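**Student:** Sequence first, predicted model second:
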Amino acid sequence: MADIAENGRTWLLSGPTSSYALHLTDADELLHLHWGPRITLADAEALAAGPLPAYWPFESPLDGHEEYPVEGGPRFVRPALSVRTGERRGTEWRFVTHDTEGGAGGEELRLRFDDDGIAVTLHYRMRGDVVERWVTVENGAHARVELLRADAATWTLPDREGWRLSQLHGRWAAESLLTTAPLTHGEKIIGSRRGHTGHQHLPWVALDTDATEERGEVYGCALGWSGSWRIAVAQLPDARVQITGGAGYDDSGLLLLQPGESYTTPVFAGLWSDGGFGGASRTWHAYQRAHVVPDAERDRPVLFNSWEATTFDISEEQQAALARLAAGIGVELFVVDDGWFGARTSDRAGLGDWTPNPDRFPHGLKPLADQVHGLGMQFGIWVEPEMVNPDSDLYRAHPDWVQYQAGRNRTELRNQLVLNLAREDVQEYLWEQLDALLSGAPIDYVKWDFNRCFTDAGWPGEPYPQRLWVDHVRALYALLDRLRAAHPHVAFESCSGGGGRIDLGVLSRTDQVWTSDNTDPLDRLAIQHGFSQIHPARVMAAWVTDSPNAQLNGRVSSLRFRFVSAMAGVLGVGGDLTEWTAEELAEAGEWVSLYKEIRPVVQRGDLYRLRPPAGGLSAVQYVLGDETVVLACLQAQHYGEPVPALRLRGLDPAAQYECRETGEVHRGAVLLHHGLRTGLTGDLDAKVLILRRI
């Protein structure tokens with residue numbers, strides 16, 4: 001909730017352990033006061049009464065202290081807002097009013113400003129210890145207002161020495177890799193100019209000075225936007241740090257606002273934690289399960305996906321045979337991947353024609369879906385609606401529906417082009433196609449892919465063509481919202497050539513995400529370690545595939561290691577079950593059964609990263625109520641060294657816990673030793689331990 005000073009110019013938002021405060025001066029300068037441990041309104045008012053720190057000549061008294069720096073006036077830090085009208089550029093705003101409004105999402109604080117007919121509203125909402133911030137800009141009086149840049153928020157950190165910056169970086173098949181480095185003076189910029197979130201960076205940063213996994217202060221920020229984006233982290237001269245982020249990679253223009261039109265930024269969420277990186281992660285996870293991910297209280301089913309087993313060579317009979325094998329090992333959701341529609345016998349044709357291939361599915365998808373349902377499983381399909389192959393009925397009928405620059409070659413990546421989803425006729429076509437698809441067969445799940453970046457982001461004939469970068473994403477969100485409303489029983493997974501579209505924005509409309517195309521169980525340990533810094537296991541799809549890993553590196557690994565690695569998230573199976581031996585199928589069934597038993601703890605429990613995947617033993621622990629689950633993976637042993645012991649976390653130190661695998665009883669401050677070492681040897685070995693309070 002928001003506490004407001006009697007003069008109406010100091011505001012305090014507080015969660016269970018933290019507070020966020022800001023203050024408006026008599027000159028209508030909005031200053032940041034506090035972000036950190038919980039304080040009272042009287043504390044915030046005392047901070048507001050103090051003078052601004054002294055500043056050197058040629059510096060601004062506002063830089064590093066403003067809550068939302070705009071372009072113009074005595075400011076030299078990166079502006080969060082840059083607008084241009086026919087007469088001038090920049091902002092000189094005045095405070096109008098504030099108001100609060102409660103609702104299902106919690107109480108929202110709104111601060112309203114005006115600049116000669118341009119209305120700017122700053123929005124705040126506290127959800128637990130996560131502060132949600134966003135901004136609305138409205139053209140109320142001008143013939144046109146060009147939004148060159150409108151960031152969702154600027155976060156100001158306190159004066160500290162020795163800041164460190166953590167981020168998640170990578171590429172295709174190596175997404176979400178965690179790196180931490182000292183923050184030096186100047187700006188560090190991460191983002192995507194690709195039209196989607198991107199494999200290269202997740203829109204999340206964390207800053208600390210001396211935190212460990214379970215101790216110390218950590219500040220984190222995460223952006224909820226699935227298109228191009230930018231986060232700038234600036235170490236200012238006075239030891240303060242500011243983090244500014246929002247949609248769009250550069251300042252070339254977001255939108256053109258006509259009279260009466262407005263733009264609302266995505267949410268840029270932030271948190272402070274004194275529980276180290278693990279405490280920050282658990283806060284992020286709880287926030288997403290409670291406020292972001294749809295139906296997060298429902299555990300996700302074990303799925304089988306046919307892609308690695310069949311690629312494009314599919315038929316109804318073949319898929320039905322795989323479905324019978326999948327049901328036999330306990331799979332709950334059977335998914336037909338690429339190749340079921342149009343002329344899709346390779347990646348060269350068919351995208352855009354979302355009707356079943358008549359040769360492969362002569363009676364549509366319903367007969368196969370009915371067989372799958374008869375086996376006790378749900379039925380799912382793969383789609384890539386935002387793309388089109390030049391060799392498709394859709395492109396032949398509407399070549400102008402793609403993004404392109406007049407007089408330039410249309411760049412094909414993966415033999416496909418990007419549909420201009422900002423066009424209303426494209427939006428309506430996709431709605432009609434997908435609604436008919438989901439209405440025409442009993443489909444329970446859709447894997448929604450996005451397999452190439454924007455390259456020729458043009459829109460010939462459109463007066464302000466650069467708006468497609470924002471409007472494509474807004475149209476994607478609207479289409480997903482519309483489909484979910486019309487088909488509430490259908491679950492959606494976000495995929496983008498693996499982990500190329502993972503962010504709080506798409507997670508608010510999908511049930512899970514495809515973490516990476518890399519299904520190698522050893523590589524996945526580092527990918528999943530990074531992913532867990534911000535996102536919960538409940539949304540992290542992870543598959544067990546064939547060994548050797550023919551898709552990527554040829555590595556050989558045991559079925560045990562592959563399953564335990566994948567059980568850290570939403571378990572899936574993607575191997576060719578027709579090539580698995582009877583012994584392998586029986587073992588897989590045992591692992592699936594074990595996962596179903598521990599699934600509530602993994603998908604809804606608190607995560608503790610006991611040991612990172614650094615080459616030896618790595619382990620994660622999940623705690624839910626009186627139960628705890630440990631997934632331990634031994635990557636390699638050297639020089640005869642023993643498997644190290646693990647000290648569990650998050651348990652009641654006064655209680656007793658029994659380890660099911662060994663029968664040993666431990667106090668809450670458990671040091672797993674004997675039960676962990678037994679049977680865990682060599683390279684690429686793994687173990688699951690379950691403890692219950694007694």
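**Tutor:** Good, I have the coordinates.
**Student:** make it CA atoms for all contacts and neighbour counts henceforth
**Tutor:** Will do.
**Student:** and after the host helix or strand of residue 190, which helix or strand comes next?
**Tutor:** Assigned by DSSP states H and E, residue 190 falls within strand 186-192. Counting by DSSP H and E, the element after strand 186-192 in chain order, helix or strand, is strand 201-208.
**Student:** Please state the offset of that next one from the chain centre?
**Tutor:** 12 Å (CA atoms, centre = their mean, to the nearest Å).
**Student:** Neighbouring strands of that strand in the sheet, and parallel or not?
**Tutor:** Neighbouring strands of strand 201-208 in its sheet, by DSSP bridges, are strand 164-169 (antiparallel), strand 218-223 (antiparallel).
**Student:** when you compare where the strand holding residue 190 runs with where strand 201-208 runs, what's the angle?
**Tutor:** Put simply, strand 186-192 runs at 150 degrees to strand 201-208, going by axes from the mean of the first three to the mean of the last three CA atoms, to 10 degrees.
**Student:** for whatever helix or strand residue 181 lives in, packing partners?
**Tutor:** Using DSSP H and E, residue 181 sits in strand 177-182. Counting by 3 or more CA pairs under 8 Å, 6 or more residues apart in numbering; DSSP states H and E, the packing neighbours recorded for strand 177-182 are strand 164-169, helix 521-531.
**Student:** and whatever helix or strand comes next after the last one, what other elements does it pack with?
**Tutor:** I take that to be helix 521-531. As assigned by DSSP H and E, the chain's next helix or strand after helix 521-531 is strand 540-544. Applying 3+ CA pairs under 8 Å, 6+ apart, one finds that strand 540-544 makes contact with strand 512-514, helix 559-566, strand 570-573.
**Student:** and the ones you listed as CSV, adding mean neighbour count and distance to residue 618?
**Tutor:** Formatted as CSV, these follow (neighbours: other CA atoms under 10 Å; distance: least, CA to CA, whole Å):
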stretch, mean neighbour count, distance to residue 618
strand 512-514, 26, 22
helix 559-566, 24, 10
strand 570-573, 26, 19
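**Student:** Select, out of the helices and strands packed on strand 177-182, the one closest to residue 610.
**Tutor:** Counting by CA to CA, residue 610 lies closest to helix 521-531 out of the helices and strands packed on strand 177-182; the figure is 10.8 Å.
**Student:** quick one: buried residues of the closest one?
**Tutor:** Buried residues in helix 521-531, counting neighbours by 16 or more other CA atoms under 10 Å, are found at 521-522, 524-531.
**Student:** Give me the angle between it and strand 540-544.
**Tutor:** 170 degrees.
**Student:** Can I get helix 521-531 in CSV? Just the C-alpha atoms.
**Tutor:** The C-alpha coordinates for helix 521-531 follow below in CSV (Å, rounded to 0.1, in the frame of the first residue of the first chain):
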residue,chain,number,x,y,z
PRO,A,521,21.6,-32.4,-19.9
LEU,A,522,25.1,-31.1,-18.9
ASP,A,523,24.8,-27.9,-20.8
ARG,A,524,21.3,-27.4,-19.4
LEU,A,525,22.7,-27.2,-15.8
ALA,A,526,24.3,-23.8,-16.5
ILE,A,527,21.4,-22.6,-18.6
GLN,A,528,18.9,-23.5,-15.9
HIS,A,529,21.1,-22.0,-13.2
GLY,A,530,21.0,-18.6,-15.0
PHE,A,531,17.3,-18.9,-15.8
